[in-house]
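Chemist: next one to model:
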Amino acid sequence: MLAGTGLDKYFAKDRRTCLDDVHMPKPDPEPYRRAASTIQSPVSECVALEDSASGVQSAVAAGYGLVIGVLTTSPERSLRAAGAHVTFPSTAAAVDFLLSSRLSKSAAQHKITAGAKL
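Modeler: The predicted structure follows:
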């Protein structure tokens with residue numbers, strides 16, 4: 001997801017979490033908890049961008065403050081049912097939202113983490 005969207009430049013390789021870093025994959029919350037720990041941030045201040053129901057479930061169960069469903073591989077109803085707080089038609093639209101609302105109270109309190117295919 002990161003390289004395909006150009007977001008990889010924002011995430012140092014030693015601050016990324018992948019399948020090899022966890023014992024339990026999504027939908028278990030471990031991947032997202034580990035990602036928050038890696039960036040030394042409370043999970044409630046993190047944002048997750050996810051395109052699968054299991055990824056949304058993982059981020060929600062981890063306690064992420066904002067879970068964004070990206071409608072690239074799963075239908076909106078599936079991501080909403082899994083607990084996505086908001087959905088966007090593309091990763092670019094979600095990132096545009098986050099960047100444009102950086103100064104708003106809700107977005108300014110969150111750090112972005114990206115879940116690779118876990």
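Chemist: do I have it right that Ser44 meets Tyr64?
Modeler: Yes. Judged on CB atoms under 8 Å, Ser44 makes contact with Tyr64 at a distance of 7.4 Å. In short, each C-beta sits where N, CA and C put it, glycine included.
Chemist: between these two, which has more neighbouring residues?
Modeler: Tyr64 (29 against 13; other CB atoms under 10 Å).
Chemist: okay, which residue is most central for the protein?
Modeler: Ala48 (1.7 Å; CA atoms, centre = their mean).
Chemist: helix, strand or coil for that one?
Modeler: Here Ala48 is strand, with the state taken from DSSP: H, G, I helix; E, B strand; the rest coil.
Chemist: is it bridged to anything, and to what?
Modeler: Val67, Thr113 (DSSP bridges).
Chemist: quick check: it vs Val70, distance?
Modeler: The spacing between Ala48 and Val70, counted by CB to CB, to the nearest Å, is 10 Å.
Chemist: ditto for Asp28
Modeler: If you go by CB to CB, the gap between Asp28 and Val70 works out to 20 Å.
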